[in-house]
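1. need a 3D model of the sequence below.
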Amino acid sequence: MRTLHAVIIAVLVTAIIVGGILYYVLSTTPKPKANLLEIYHWWTSGGEKAAIDALVAVFQEKYPDVGVIQSPVAGGAGYVLKAVMKSMVAAGEAPDSFQIHAGYEMKPYIDGGYLEPIDHLWVQQGWEDVFPAVVKDMVKWGGHYYAVPLNIHRANVLWYNKKILEQYDIDPASLETWEGFFEACERLRNAGITYPIAMGGIGKWEIAHALEQILISQGVDFYQDLVNGKLSDPNDPRLVNAFNIFKRYLDYVNPDYATLTWDQAVAKVIRGESVFTIMGDWANGEFLVANKTFNVDYGAIPVPGTKGVYVLVVDCFQKPKGARHPENSEKWLIVVGSKEGQDAFNPIKGSIPARLDADINKYGPYQRSAIQDFKNAQYMAPSIVHGSGAPEKFASAFNDVASAFASNRNVQEACNGIINAIQAAKNEYVKEWKLIP
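-> Model prediction:
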């Protein structure tokens with residue numbers, strides 16, 4: 001009996017030891033990582049989602065063995081995603097790539113050492129030869145490339161319901177000046193359209209977007225001083241005039257603007273509840289998903305006073321340091337920068353490709369006109385509101401000034417606010433924009 005007990009104990013001990021060894025080996029042997037790509041972006045409206053899905057489809061066709069996780073964060077212009085992403089990268093939890101605007105918006109990530117330079121991809125893919133100089137400069141910091149531009153949006157666009165303008169015999173050419181534009185607004189109001197201008201404001205940036213275009217209409221030299229932090233006089237007549245124009249503009253805006261997103265404001269124009277909206281040409285995608293036809297149902301011209309100016313909004317992706325799937329991150333960037341990828345995404349999104357060798361036959365009439373305007377532009381200017389033109393500290397204050405002004409319409413307070421914001425960010429202006437050739 002003792003012998004039997006000894007045998008049983010020996011077997012049990014052996015089993016425990018073997019089991020322990022197996023557990024140790026299995027638990028310490030590195031497990032293969034799932035073959036995934038995780039990307040974050042803020043494209044959640046109808047036209048935006050269709051566009052990013054088309055780009056992802058190109059990626060999956062090239063790399064069918066890679067599973068793609070899209071993590072969209074709602075909030076136009078990325079104002080919500082920016083806050084989320086800063087926390088993630090600081091905690092070492094960055095995804096494989098995330099959407100970002102070219103220009104100053106990149107600076108905090110570069111200063112913090114959160115992005116990998118990707119010069120090798122620029123050389124390998126020949127991107128130096130296919131992207132415009134102005135766009136290359138916007139994604140280059142300290143002599144290194146840190147992002148791949150996917151598109152070029154134009155911020156200074158006035159969209160209109162063409163059928164309503166025809167109904168009231170209003171010629172779009174008459175809208176090229178602010179005086180002509182406000183005359184049209186008054187005619188429409190007298191005809192029963194009380195608020196002919198649609199505007200959103202739920203994220204503040206929608207209001208600041210309209211103000212930015214009005215500021216540009218006061219002259220490229222003035223806007224150059226603004227983005228370079230060189231304005232110092234709150235009584236500068238160009239600054240004062242811009243806020244007086246904005247005050248008049250707001251008189252024709254829907255009173256519920258603060259409850260609407262940018263695409264809900266565009267939808268008011270699509271439905272004919274309003275006639276005009278100032279928004280970047282991502283709005284074109286909203287008209288397209290609503291099955292509207294350019295130059296039949298709707299039209300677009302540069303914001304009054306900005307003809308010949310192309311206000312740039314450039315969406316990019318990059319490779320964060322510590323990306324979980326670094327090889328897939330680079331594969332994604334190669335697709336983002338490819339002709340095939342850009343020609344899949346941009347016709348739906350409403351933007352023009354960042355590459356200069358796009359297949360123009362794949363683009364609709366609005367984008368073909370935008371491509372021509374880009375080539376012929378007298379001036380190109382980076383957007384403040386969309387992360388490119390000025391330090392983040394100023395851009396945030398600019399949104400606050402615009403939002404406050406929409407409520408109180410106090411011109412002097414707003415002018416003081418702009419100058420104070422410039423002074424507060426004085427040490428952060430590290431780029432010298434040269435907008436006038």
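
2. list the residues that contact Met380.
-> By C-beta atoms under 8 Å, 6 or more residues apart in numbering, the contact list for Met380 reads Val134, Val309, Tyr310, Val311, Leu312, Leu435. Yep, even glycine has a C-beta here, placed from its N, CA and C like the rest.

3. give the burial count for Tyr366, as a bare number.
-> 22 (other C-beta atoms under 10 Å).

4. hmm, back to that, out of the contacts of Met380, who has the most neighbours?
-> Using other C-beta under 10 Å as the neighbour criterion, Val311 leads the contacts of Met380 with 29 neighbours.

5. my read: that residue touches Ile384, true?
-> No - counting by C-beta atoms under 8 Å, Val311 stays clear of Ile384, with 9.5 Å between them.

6. out of the contacts of Met380, which sit inside strands?
-> Val309, Tyr310, Val311, Leu312 (DSSP state E).

7. ok, the last one to Pro326 distance?
-> In this case it means Leu312. The gap separating Leu312 from Pro326 is 30 Å, by C-beta to C-beta, to the nearest Å.

8. next one: the third one
-> As judged by C-beta to C-beta, Val311 and Pro326 stand 35 Å apart.

9. output the below-cut-off pLDDT ranges for the protein.
-> When residues are selected by pLDDT under 70, those of the chain lie in 1-33, 76-77.

10. where do the domain boundaries of it fall?
-> If you go by automatic domain parsing, the domain ranges for the chain are 36-152+313-367, 157-312+382-428.

11. can you redo these as TSV with distance to Phe374?
-> What follows is the domains of the chain, written out as TSV (distance: least, C-beta to C-beta, whole Å):
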stretch	distance to Phe374
domain 36-152+313-367	6
domain 157-312+382-428	6
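
12. re the thing from before, pick the one among the ones in strands among the contacts of Met380 closest to Arg271.
-> Nearest to Arg271 among the ones in strands among the contacts of Met380: Val311, at 26.8 Å, using C-beta to C-beta.

13. which residue is the nearest non-sequential neighbour of Leu356?
-> Leaving aside its chain neighbours, Leu356 sits nearest to Val130 (5.6 Å; criterion: C-beta to C-beta, 6 or more residues apart in numbering).

14. contacting residues around the one you found?
-> Neighbouring residues of Val130 by C-beta under 8 Å, 6+ apart: Lys339, Arg355, Leu356, Asp357.

15. which of those residues has the largest number of neighbours?
-> Arg355 (23 neighbours).

16. quick one, what contacts that residue?
-> Val130, Phe131, Gly337, Lys339, Gln342.

17. got TSV for the residues you listed, with secondary structure too?
-> Below are the contacts of Arg355 laid out as TSV (DSSP: H, G, I helix; E, B strand; the rest coil):
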residue	secondary structure
Val130	coil
Phe131	coil
Gly337	coil
Lys339	helix
Gln342	helix
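
18. relative to Gln124, which of those residues is nearest.
-> For the contacts of Arg355, the nearest to Gln124 is Gly337 (10.3 Å; C-beta to C-beta).

19. so how far is stretch 203-216 from its chain's centroid?
-> 14 Å (C-alpha atoms, centre = their mean, to the nearest Å).

20. closest to Asp373 out of the domains of the chain?
-> Nearest of the domains of the chain (C-beta to C-beta): domain 157-312+382-428, 6.3 Å.

21. how long is the closest one end to end?
-> 29 Å (C-alpha to C-alpha, to the nearest Å).

22. the helix or strand encompassing Tyr249: what's the following helix or strand?
-> Applying DSSP states H and E as the criterion places Tyr249 in helix 237-250. Helices and strands here follow DSSP H and E; after helix 237-250, the next one along the chain is helix 262-271.

23. may I see the buried residues of that following helix?
-> Trp262, Asp263, Gln264, Ala265, Val266, Ala267, Lys268, Val269, Ile270 (16 or more other C-beta atoms under 10 Å).

24. nearest to Glu179 among the residues you listed?
-> Checking the buried residues of helix 262-271 against Glu179 with C-beta to C-beta, the nearest one is Val269 at 21.8 Å.
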